[in-house]
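**Student:** here is my input, please return the structure:
(2 chains)
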Amino acid sequence: DAGVIQSPRHEVTEMGQEVTLRCKPISGHNSLFWYRQTMMRGLELLIYFNNNVPIDDSGMPEDRFSAKMPNASFSTLKIQPSEPRDSAVYFCASSHRVANEKLFFGSGTQLSVL
Amino acid sequence: DQQVKQNSPSLSVQEGRISILNCDYTNSMFDYFLWYKKYPAEGPTFLISISSIKDKNEDGRFTVFLNKSAKHLSLHIVPSQPGDSAVYFCAASPNYGGSQGNLIFGKGTKLSVKP
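**Tutor:** Prediction:
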């Protein structure tokens, strides 16, 4: 099993540009989560999907953030326009929708907005 | 307001000794707790969990203790090994039996195990 695959590993962009982060969950997992890690706030849940449907997006900081899951094997997190305060590590995670099933995290995308 | 607190940002321990990582929570509705370990440039990986019906769960060198009255849990690593050097995240959920979508993470404790 290849695990959760995220791309790119690193992204450096200028303020105002659009940023798209990508995630491929583990095959057979039907829940997908986007987290953001910063020094100040630690690991925060941004949004999660069950069976490709967004369930809770209350963690999405602003309308500049959007996420989609067009099928069971792909999800994107988009920031448009990006701002320096969006600089963080963004993690995607997946799990079976079974009670207390643990999360499997990808290696993350290190985003730097200049 | 942080619902899950790891008050020690870092901890240094000698190889072979015990490492004790602490976690406090404020929400009495939390009833499922997990520890994740994170190496640099990698995502967190699940380590061990405990439900509120237990006060201890053990897996090899790792033991998690839960004190519900004090709203406190701890992770013990015995004996500590240099490969245990990582950031450890405590996480809590109010929904035992439900989705992991409501996991609340602490900010992590960086453990350094010195040879």
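**Student:** could you use CA atoms for every contact and neighbour count after this?
**Tutor:** Fine.
**Student:** can you map out the strands along chain A?
**Tutor:** Using DSSP state E, the strands found in chain A span residues A:5-7, A:10-13, A:19-24, A:31-38, A:42-50, A:53-56, A:65-71, A:74-79, A:88-95, A:104-105, A:109-113.
**Student:** from those strands, which stretch is densest packed?
**Tutor:** Of the strands of chain A, the one with the most neighbours on average (mean count of other Cα atoms under 10 Å in any protein chain shown) is strand A:88-95, at a mean of 26.
**Student:** does residue A:78 really touch residue A:20, like I thought?
**Tutor:** Yes - using Cα atoms under 8 Å, residue A:78 is in contact with residue A:20, at 4.4 Å.
**Student:** thinking again about what came up before, tabulate the strands of chain A (TSV), appending mean pLDDT and distance to residue B:75.
**Tutor:** Listed next are these as TSV, based on pLDDT from 0 to 100; distance: least, Cα to Cα, whole Å:
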stretch	mean pLDDT	distance to residue B:75
strand A:5-7	97	29
strand A:10-13	97	32
strand A:19-24	98	31
strand A:31-38	94	22
strand A:42-50	91	19
strand A:53-56	90	30
strand A:65-71	96	35
strand A:74-79	98	33
strand A:88-95	95	23
strand A:104-105	94	20
strand A:109-113	97	28
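**Student:** okay, and the beta partners of the most centrally placed residue in chain A?
**Tutor:** In chain A, the residue lying closest to the centroid (Cα atoms, centre = their mean) is residue A:34, at 3.1 Å. Note on residue A:34: beta-bridge partners residue A:47, residue A:92, judged by DSSP bridges.
**Student:** any idea how far residue B:16 is from residue B:82?
**Tutor:** 9 Å (Cα to Cα, to the nearest Å).
**Student:** close to chain A, is the least confident helix or strand in chain B by mean pLDDT?
**Tutor:** Counting by mean pLDDT, DSSP states H and E, the weakest-scoring helix or strand in chain B turns out to be strand B:104-105, with a mean of 90. Yes - Strand B:104-105 comes into contact with chain A (Cα under 8 Å from any Cα of the partner chain), by way of B:104-105.
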